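Student: Following is a predicted model, sequence given first.
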Amino acid sequence: MLGSATKRAVPEEKRAEMTDSRAAGATSTEPVTKAAGRPAKTIETRGVNLFYGDFHAVEEVTMTIEPNKVTALIGSSGCGKTTFLRSLNRMHELTPGARVEGVVTLDGEDVYDSRVDPVAVRRLIGMVFQQPNPFPTMSIYDNVAAGLNLNSTKISKAQKDGVVERSLRGAHLWEEVKDRLDKPGGGLSGGQQQRLCIARAIAVEPEVLLMDEPCSALDPVATLAVEDLIGELKSRYTIVIVTHNMQQAARASDVTAFFNLDETGKPGHLVEMGPTEAIFTNPNEKETEDYVSGRFG
Amino acid sequence: MESSVQNQSAFGTSSSSRLLASGLGWRRRGVNTMMTVLIAGAFVLAMIPLFSLVFEVAKRGIPGLSLEFFTEDARGVVGGGGASHAIMGTLIITGVASVISVPIGIMAAIYLNEYGTGRLRRALTFFVDVMTGIPSIVAGLFAYALFEIFFGPGIRLGVMGSVALSLLMIPIVIRSAEEVLKVVPNHLREASYALGTPKWKTITKVVLPTAFAGLVTGVMIAIARIVGETAPLLVTTGVVDSMNTDPFNGRMQNLAVYAYNEYRSPGVMKQAAYDKAWAAALTLIAIVMILNVAARLVYRRYKTEIR
């Protein structure tokens, strides 16, 4: 899987190369990371059931998440959207007692195969969390380079500089922080911190980016900045975003999946999934229509 | 809707004002003042022994302090001599004890907080709690018995004292480190995992640096706790008048035992011996205070803002 890296010229990279000769030297002569320019991938789930101990949290989810599109997961609180999202990169199993049944594949390869290392899965499927969570002990630079440092990827300082700049540009944060890369990441505003976390996630060049309510802790201006960013990132990644904000789903996503649960204590399930436009204007299910039009609980 | 209606009625019927109903509340104010005085009084009472202790030790200890006290040992001197061998011994014994206890204690805390689950974890926590309560003389006798197996009866070594002190120090380090690791928010671990970082790297590169200030503080407090131990050292490091800097060879003096010994067998120049005992006590208090202040400085300098 790692060997299939094809060097694809991404416009974003090119721009960075042209504006910064140092980065250009690093990116054009040798591969910056083994993953540079990997194409986005498809995630498929078949009959996924998720449990926390005895509690059945999510029931029988079968869906296809297409590459280079933004897929939004919507639904009321407690219906299992976040749990489902976390099962895609095997974060779910980190919770004590959590269990997964069913099949999740990344371009046809079973993510839960017993021979697959969960750490390898998470390198290919990155994640951005609800609360911006930059590492408090690290500078802005080190936060972005964290994925490289923590995985002991052996690259030169110049290459690392290139990755950091490219990731920060990719997250629309470069201009705001380029003069204080050595300052702690915790000193940024909430919106900047969240974009820093996105930069950190894309620095390791994943194929899929999972976002768990990435804007719920941000003000409207910062939210808009992150949404713009999401729209741009989909040219390179498969993006799955959980959101409580219906307008956000309508604005930022191409495909929407609606989750619901019959009553508290029952498992959540996928009600329907389709092009965002159709889900919001002309859904097949009555439940979906009630929810998107705000007539729901 | 409902509340606004109620408000209107409250404004409308001003004959029975609810704001005026309870007067100015003199009774409540009286009780409040009384409780404040009681609590402040309890605080002052608690402080009196502390201040009088520090004052008394300083008053009696300062006459015994001299350049000689810090630079000379007491070999072959009658009534005079210094305590440099005891100061050096205290530093070496405590230092070696820390070298043994800190890695074991922190690794055990990492196990308990990051890896341990279920019954084993609960059992270990229980035994750590039990260890915290071990009387210090028991730790001393245990260390003696352990070394006696290999070196025969009557053995006295500096390192034996360190082993005895480790038994007392390890549970303290485990406890404080565990508390600090617990405070590291889980979302930082998850952020690290989501980057495809293995667990051990997450612990060494994210969890431990975030907890660094608290860990150092905990270790320093633990050192301060054991630096003044007397009983376990009496049976392990022995009493000696000359400088010894090798913990693996021969007896080693330390400040607590030195103070005890000067008081128990003052020899012919009684007052000089008593002065030196108090000076040793004052030095010990100074070491503990320096450790505490250092712990605070380290904490302030390196603490990470955790939300």
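Tutor: Done, it's in.
Student: Could you list the residues of chain A in contact with chain B?
Tutor: Selection of chain A residues close to chain B by Cβ under 8 Å from any Cβ of the partner chain yields A:89, A:91, A:94, A:96, A:119-124, A:126-127, A:129, A:131, A:133, A:135-137, A:146-147, A:149-152, A:186, A:197, A:200-201, A:204. No exception for glycine: its C-beta is placed from N, CA and C like everyone else's.
Student: which ones among the residues you listed are found in strands?
Tutor: When these are checked against strands (DSSP state E), the matches are A:Gly126, A:Met127.
Student: Select only the buried ones of the residues of chain A next to chain B in PyMOL?
Tutor: The following PyMOL line selects those of the residues of chain A next to chain B that are buried, judged by 16 or more other Cβ atoms under 10 Å in any protein chain shown:
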select buried, chain A and resi 89+91+94+119+121+122+123+124+126+127+129+131+133+135+136+137+146+147+149+150+151+186+197+200+201+204
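Student: Mind checking which of the residues of chain A next to chain B are in helices?
Tutor: When helices are assigned by DSSP state H, the members of those inside them are A:119-124, A:146-147, A:149-150, A:197, A:200-201.
Student: Can you tell me the SS state at the closest residue to A:Cys215 other than its chain neighbours?
Tutor: Taking Cβ to Cβ, 6 or more residues apart in numbering or on different chains as the measure, A:Cys215 lies nearest to A:Thr223, with 4.2 Å between them; neighbours along the chain are not counted. Three-state secondary structure (criterion: DSSP: H, G, I helix; E, B strand; the rest coil) places A:Thr223 in helix.
Student: can you check the one 3 residues further on too?
Tutor: When the structure is reduced to helix, strand and coil (three-state DSSP), A:Val226 reads as helix.
Student: Can you give me the pLDDT of it?
Tutor: At A:Val226 the predicted local confidence, pLDDT, stands at 86.
Student: Unless I'm misreading it, it sits right up against A:Pro214, doesn't it?
Tutor: Yes: at 5.9 Å, A:Val226 counts as touching A:Pro214 under the criterion of Cβ atoms under 8 Å.
Student: More neighbours: which of those two?
Tutor: Per other Cβ atoms under 10 Å in any protein chain shown, whichever of A:Val226 and A:Pro214 has more neighbours is A:Pro214, with 28 against 24.
Student: The more buried one and B:Val99, how far apart?
Tutor: To B:Val99, A:Pro214 is 46 Å away according to Cβ to Cβ, to the nearest Å.
Student: before we move on, which element is A:Val58 in?
Tutor: Assessed by DSSP states H and E, A:Val58 sits inside strand A:55-65.
Student: what comes up buried for that strand?
Tutor: By neighbour count with 16+ other Cβ under 10 Å, strand A:55-65 contains the buried residues A:His56, A:Ala57, A:Val58, A:Glu59, A:Val61, A:Met63, A:Ile65.
Student: And the helices in the stretch 1-150 of chain B, which stretches?
Tutor: Across the stretch 1-150 of chain B, reading from the start of the chain, the helices by DSSP state H, counting those that start in this stretch fall at B:2-12, B:26-61, B:67-71, B:84-110, B:118-132, B:136-151.
Student: Ok, chain A next?
Tutor: Listed from the start of the chain, chain A has helices (DSSP H) covering A:11-19, A:21-29, A:81-88, A:118-124, A:140-150, A:157-170, A:174-177, A:190-203, A:220-233, A:246-252, A:276-281, A:286-292.
Student: Now do the last one: distance to the chain's middle.
Tutor: The one in question is helix A:286-292. 26 Å (Cα atoms, centre = their mean, to the nearest Å).
Student: Can you give me the buried ones in that helix?
Tutor: Taking 16+ other Cβ under 10 Å as the neighbour-count basis, helix A:286-292 is seen to contain the buried residues A:Glu287, A:Thr288, A:Glu289, A:Tyr291, A:Val292.
Student: Can you give the contact residues for it?
Tutor: Helix A:286-292 is contacted from outside by A:74-76, A:246, A:258, A:260, A:271-272, A:279-280, A:283, A:295-296, using Cβ atoms under 8 Å, 6 or more residues apart in numbering or on different chains.
Student: re earlier: now for the residue nearest to A:Cys215: which residues touch it?
Tutor: Under the criterion of Cβ under 8 Å, 6+ apart, the neighbours of A:Thr223 are A:Gly191, A:Cys215, A:Gln248.
Student: redo that, cut-off 10 Å
Tutor: With contact taken as Cβ atoms under 10 Å, 6 or more residues apart in numbering or on different chains, A:Thr223 is in contact with A:Gly191, A:Gln194, A:Pro214, A:Cys215, A:Ser216, A:Ala217, A:Asn245, A:Gln247, A:Gln248, A:Arg251, A:Ala252.
Student: picking that back up, tabulate the buried residues of helix A:286-292 in TSV, adding columns for pLDDT.
Tutor: Rendered in TSV, the data for the buried residues of helix A:286-292 read as follows (pLDDT from 0 to 100):
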residue	pLDDT
A:Glu287	87
A:Thr288	89
A:Glu289	88
A:Tyr291	87
A:Val292	85
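Student: Mutual contacts of A:Val226 and A:Pro214, please.
Tutor: Common contacts of A:Val226 and A:Pro214 (Cβ under 10 Å, 6+ apart): A:Val128, A:Gln194, A:Arg195, A:Ile198, A:Ile241, A:Gln248.
Student: how much space between B:Asp242 and chain A?
Tutor: In this structure residue B:242 is Ser, not Asp. 47 Å (Cβ to the nearest Cβ, to the nearest Å).
Student: Tell me the secondary structure at that residue.
Tutor: Following three-state DSSP, we place B:Ser242 in the coil state.
Student: ok, and the closest non-adjacent residue to it?
Tutor: In space, B:Ser242 is closest to B:Arg75, 3.9 Å off (Cβ to Cβ, 6+ apart).
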